[in-house]
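Q: coordinates only, sequence not included:
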Ligand code: XMP
């Protein structure tokens, strides 16, 4: 019968049989799938695994720390962190076009990952790369070994010839709910296991306009408040995703105390969905919206107006860029 314990045991046996005494690499993104896949491989072959976390500086408040500190403490994995915030910010300087942002981030990510992987491989080499491919991805791409390398922005694709790996996909028979159950079974915290989907290019595509350190900082503080209040209202699992978007090139007039302010508007974009292909705007309770609005305008001085996006997908997309 299916239980998380059985799933873990089976996955561990399969990983051991495949890997033997060879070395394995895994890229952590902060997402559920890569975290659970890495935790499983760690249980199976421990010291033969090295994880790489490319910190592009575009994650939300506390997320990089969750990977660097909490995940490492819980699983005991050997983690190499490539702290590349400056590199990504420099590459993004002056860029406002959404697709251009994506291209730059994808390119810099691959370059950083390659360089780190090469260093780690050294003379001994690394044979395997862990991917958090789920069963629905396998079906979508027509099955077949390694067929999951489909969405280049989700996975590490297009590596050069001297960095070819055999894929290990310990989640390839699992659905999302099974992945979560396995994650909990392995001791990962609820907030990691129930994390909402988050785009690879991160907050860069939630700042409409150029990405700068200051704007990231502003957005991070507002986003943290919105997420906190959603969790406090116990609504995380009703909501598919809750992007918070900074309209960085727009200014709006406000008033606070005796003074006129000239700040930025922020957009709350909570949506419900089953698969992100279509989505509906979430009818968050007014009290929750009120709390978020009051807190953001009180606690984030750069923001003087909070708006809610009530567009479904289609015609809107979930993200603003
Ligand atoms: P949209 O905005 O197109 O998003 O409705 C659909 C889903 O995809 C996510 N998304 C991305 N994920 N890289 C990613 O890894 C991207 O460039 C990207 N753009 C959108 C979005 O968060 C939603 O879950």
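A: Good, I have the coordinates. Note that the structure is a prediction, hence the values are computed from the model and not measured. Numbers count the residues shown, from 1 in each chain.

Q: where's the closest residue to the ligand within the stretch 1-150 of the chain relative to residue 18, distance?
A: In the stretch 1-150 of the chain, the residue found nearest to the ligand is residue 102; the distance is 4.9 Å by C-beta to the nearest ligand atom. Every residue, glycine included, has its C-beta placed from N, CA and C. Noted for residue 102: a distance of 33 Å to residue 18, by C-beta to C-beta, to the nearest Å.

Q: where do the helices of the stretch 201-321 of the chain begin and end?
A: In the stretch 201-321 of the chain, the segments counted as helices under DSSP state H, counting those that start in this stretch are 213-232, 286-299.

Q: what residues of the shortest one count as buried?
A: What that stands for is helix 286-299. In terms of neighbour count (16 or more other C-beta atoms under 10 Å), helix 286-299 has its buried residues at 288-289, 291-293, 295-297.

Q: ok, the first one next?
A: Of the residues in helix 213-232, those scored as buried under the neighbour-count criterion (16+ other C-beta under 10 Å) are 215-216, 218-227, 229-230.

Q: hmm, back to that, what's the closest of the helices of the stretch 201-321 of the chain to residue 253?
A: Taking C-beta to C-beta as the criterion, residue 253 comes closest to helix 286-299 out of the helices of the stretch 201-321 of the chain, the separation being 13.5 Å.

Q: tell me how far the closest one lies from the chain's centre.
A: If you compare the mean C-alpha spot of helix 286-299 with that of the full chain, they lie 25 Å apart, counting by C-alpha atoms, centre = their mean, to the nearest Å.

Q: show me what that helix is packed against.
A: helix 213-232, strand 259-268, strand 303-308 (3 or more C-beta pairs under 8 Å, 6 or more residues apart in numbering; DSSP states H and E).

Q: try 7 Å
A: Other elements packing on helix 286-299 under the criterion 3 or more C-beta pairs under 7 Å, 6 or more residues apart in numbering; DSSP states H and E are helix 213-232, strand 303-308.

Q: any regions of the stretch 51-200 of the chain where pLDDT drops low?
A: Where the stretch 51-200 of the chain drops to pLDDT under 70, the residues are 143-158.

Q: the helices in the stretch 51-200 of the chain, which residues?
A: Assigned helices in the stretch 51-200 of the chain, in chain order: 63-65, 72-75, 85-92, 98-121, 135-140, 176-185, 190-193 (criterion: DSSP H, counting those that start in this stretch).

Q: now the helices of the stretch 201-321 of the chain as JSON lines including mean pLDDT?
A: Shown next, in JSON lines, are the helices of the stretch 201-321 of the chain (pLDDT from 0 to 100):
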{"stretch": "helix 213-232", "mean pLDDT": "98"}
{"stretch": "helix 286-299", "mean pLDDT": "98"}
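
Q: so which of these gets nearest residue 317?
A: Relative to residue 317, the nearest member of the helices of the stretch 201-321 of the chain by C-beta to C-beta is helix 213-232, separated by 18.2 Å.
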